[in-house]
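Engineer: Give the three-dimensional model of this entry:
(chains A and B)
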Amino acid sequence: GAVVSQHPSWVICKSGTSVKIECRSLDFQATTMFWYRQFPKQSLMLMATSNEGSKATYEQGVEKDKFLINHASLTLSTLTVTSAHPEDSSFYICSAQKGSNQPQHFGDGTRLSIL
Amino acid sequence: AQKITQTQPGMFVQEKEAVTLDCTYDTSDPSYGLFWYKQPSSGEMIFLIYQGSYDQQNATEGRYSLNFQKARKSANLVISASQLGDSAMYFCAMKLTGGGNKLTFGTGTQLKVEL
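Structural biologist: Numbers count the residues shown, from 1 in each chain, chains lettered A, B, ... in the order given. Now for the predicted structure:
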């Protein structure tokens, strides 16, 4: 199997706080992990590509200082939304890939609500 | 740049019937992969099926098959013997072999299976 665990699944917090989301590949090593954002009834938008041991590659228009990504090991990547505001409220979902010709396997997603 | 188009925002199918979800793509790259994912209302993205651009045969996975027509640049998903649990959002996605493993998603098709 290829199980990806994402935690937490739901976060509600006050404006101005920082929120960390974890993405773990439970039964395989993932050299590459991806972070997506999805608005209601819309498709997934790639935010950044995370490679173990190196800096993440951000997509155009995504603020790297706002969305901090750390990929410290082959099984864990974290996304930190810094100084979150209501407009950051969204569904964030990560994926992990065993190898370049393998499908991406997704976590269950995190629903982030900033009040 | 590559593009994925899903023209059906919503589809209805009766239980036990087959349904085809359309997907067309546009790329000038000769080497690419095509994926279908299912997203239930709970949010997780479930990998269903993969087709490589050089694969000679259409991919099949259980009740899922991919009708790959390379000349028409289409990769339609066929679900046979629909079940109530198939009700979900379905996304077609493409990855260029030399594109850093990034997936480009279509806008999705909401499938509703009825009794």
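
Engineer: going forward, measure contacts and count neighbours with C-alpha atoms only.
Structural biologist: OK.

Engineer: Tell me, how many residues neighbour the residue lying closest to residue B:92 once chain neighbours are set aside?
Structural biologist: Sequence neighbours aside, residue B:36 is the residue nearest to residue B:92 in space, at 4.6 Å (criterion: CA to CA, 6 or more residues apart in numbering or on different chains). For residue B:36, the number of neighbouring residues by other CA atoms under 10 Å in any protein chain shown comes to 26.

Engineer: Okay, now the sheet partners of the strand or helix carrying residue B:36, with direction.
Structural biologist: Assigned by DSSP states H and E, residue B:36 falls within strand B:32-39. Note on strand B:32-39: by DSSP bridges, its sheet partners are strand B:46-52 (antiparallel), strand B:88-96 (antiparallel).

Engineer: Look at the closest residue to residue B:103 other than its chain neighbours and report its pLDDT.
Structural biologist: With CA to CA, 6+ apart as the criterion, residue B:103 has its nearest non-adjacent residue at 4.8 Å, and that residue is residue B:95. On pLDDT, residue B:95 comes in at 91.

Engineer: contacting residues around residue B:95?
Structural biologist: Shown in contact with residue B:95 (CA atoms under 8 Å, 6 or more residues apart in numbering or on different chains): B:32-34, B:101-104.

Engineer: Scan those residues and report the most crowded one.
Structural biologist: Comparing the contacts of residue B:95 by number of neighbours (other CA under 10 Å), residue B:34 comes first, having 25 neighbours.

Engineer: circling back to that earlier point, what does the strand holding residue B:36 contact?
Structural biologist: With contacts defined as CA under 8 Å, 6+ apart, strand B:32-39 is touched by A:103, B:45-53, B:75, B:77, B:88-97.

Engineer: redo that, cut-off 7 Å
Structural biologist: Here strand B:32-39 makes contact (CA atoms under 7 Å, 6 or more residues apart in numbering or on different chains) with B:45-53, B:88-97.

Engineer: Kindly state the beta-bridge partners for residue B:19.
Structural biologist: Following DSSP bridges, residue B:19 is listed with bridge partners residue B:79.

Engineer: ok, the closest residue to residue A:32 other than its chain neighbours to chain B distance?
Structural biologist: Using CA to CA, 6+ apart and skipping the chain neighbours, the partner closest in space to residue A:32 is residue A:51 (4.7 Å). With distances taken as CA to the nearest CA, to the nearest Å, residue A:51 is found 11 Å from chain B.

Engineer: wait, which of the contacts of residue B:95 is closest to chain A?
Structural biologist: The closest of those to chain A turns out to be residue B:101 (CA to the nearest CA; 6.2 Å).

Engineer: List the contacts of the closest one.
Structural biologist: A:100, B:95.

Engineer: how about a cut-off of 10 Å?
Structural biologist: Going by CA atoms under 10 Å, 6 or more residues apart in numbering or on different chains, residue B:101 touches A:32-34, A:49, A:97, A:99-104, B:32-33, B:94-95.

Engineer: now the contacts of residue B:95 as TSV including pLDDT and distance to residue A:39?
Structural biologist: Formatted as TSV, the contacts of residue B:95 follow (pLDDT from 0 to 100; distance: CA to CA, whole Å):
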residue	pLDDT	distance to residue A:39
B:32	92	27
B:33	93	25
B:34	95	23
B:101	78	23
B:102	86	19
B:103	91	17
B:104	92	16
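
Engineer: which non-adjacent residue is nearest the most centrally placed residue in chain A?
Structural biologist: In chain A, the residue lying closest to the centroid (CA atoms, centre = their mean) is residue A:35, at 3.6 Å. Distances taken as CA to CA, 6+ apart put residue A:94 closest to residue A:35, at 4.5 Å, once the chain neighbours are dropped.
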